[in-house]
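Visitor: when you get a sec, could you give me coordinates for this:
(one chain, ligands or ions: 1)
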Amino acid sequence: MDLPTHPPSRLLVHPGCADCADAVAWLLSVDRAYQRMGSRTAFGLSWMLDHFRWGPSRWPAAWCELAGAETADCGVFADLCATVLETRGVGCERLQIVESAAPAQTRLWREQWEAAGAVAGWILSEDWVYHESLLIDTPTGLCHFDPSEMCEIGTERRVLWVRQAGGEWGSWQSWDSRSDNALDASPGNDAGDGEERLVDIVAAFQADA
Ligand SMILES: [Zn+2]
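Guide: Numbers count the residues shown, from 1 in each chain. Okay, here's the model as predicted:
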């Protein structure tokens, strides 16, 4: 079986689209409001589940499409959480993982995605699925975080493969037991025009904090 070659999912910023800019600003301002209220659970990210439940997203997806979305897939959640954490100045990196799932479950998911007109390519086989997660820097070390479930990924999950910073896929077992796991500080090299606009909005929020 071939493991995915695409990079972690990124919501598009349409050049010149006011609704895209508004969606980024909405995300960051709601997050700031929750931080001021002292939200402490799950890195204070769980508020997103009040707006989107985990489910199909149609790709390519843009920020301005969030307004009408009821569901968000792991790629959308990962991008939203990473954007928020970056704005807060929290170290965070996107991870791509492959984990095992029950065939009965993957059948249901495939039906759900197809019914929504979304591509179910993340279901790699009847018992392997692609997923996107985050590596978050905390005072006590790195946390492997599931942005779809808003919780740390523990040993109950059967993760098989992991890919960090667009490198090679490696076995989870050897990656997870490595003592020198660290965030890759090098900035992404996939920043196009839209991406630069997102960076501007994020920078404006940081300056205004
Ligand atoms: Zn747009």
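
Visitor: what packs against the longest helix seen in the chain?
Guide: Using DSSP state H, we find that the single longest helix of the chain is helix 18-36. Helices and strands touching helix 18-36, by 3 or more C-beta pairs under 8 Å, 6 or more residues apart in numbering; DSSP states H and E, are helix 74-88, helix 193-207. Just so you know, the C-beta spots here come from the backbone N, C-alpha and C atoms, and that holds for glycine as well.

Visitor: nearest to the ion, out of those helices?
Guide: helix 193-207 (8.9 Å; C-beta to the ion).

Visitor: now the closest one: average pLDDT?
Guide: Taken as a whole, helix 193-207 has an average pLDDT of 73.

Visitor: quick one, phi psi at the nearest residue to residue 62 once chain neighbours are set aside?
Guide: The spatial neighbour of residue 62 that comes closest, neighbours along the chain excluded (C-beta to C-beta, 6 or more residues apart in numbering), is residue 12 at 4.1 Å. Taking degrees, to the nearest 10, you get phi -70, psi 150 for the backbone angles of residue 12.

Visitor: so how far is residue 162 from residue 12?
Guide: To residue 162, residue 12 is 26 Å away according to C-beta to C-beta, to the nearest Å.

Visitor: ok, those two, which is more surrounded?
Guide: Using other C-beta atoms under 10 Å as the criterion, residue 12 and residue 162 rank with residue 162 on top: 22 against 18.

Visitor: how close does that one sit to the ion?
Guide: Taking C-beta to the ion, to the nearest Å as the measure, residue 162 falls 32 Å from the ion.

Visitor: report the buried residues of the helix or strand where that residue lies.
Guide: Here residue 162, judged by DSSP states H and E, is contained in strand 159-164. Across strand 159-164, burial judged by 16 or more other C-beta atoms under 10 Å covers 159, 161, 162, 163, 164.

Visitor: ok, the residue nearest the centre of the chain - contacts?
Guide: The residue lying closest to the centre of the chain (C-alpha atoms, centre = their mean) is residue 78, at 0.9 Å. If a contact means C-beta atoms under 8 Å, 6 or more residues apart in numbering, then residue 78 has 8, 9, 94, 132, 133, 134, 147, 148 as its contacts.

Visitor: could you report the neighbour count for the residue lying closest to it once chain neighbours are set aside?
Guide: Leaving aside its sequence neighbours, residue 78 sits nearest to residue 132 (C-beta to C-beta, 6+ apart; 4.1 Å). Neighbourhood size, residue 132 [other C-beta under 10 Å]: 23.

Visitor: report the distance from whichever strand or helix holds residue 132 to the chain centre.
Guide: Per DSSP H and E, residue 132 falls inside strand 128-138. Distance of strand 128-138 from its chain centroid, counting by C-alpha atoms, centre = their mean, to the nearest Å, is 7 Å.
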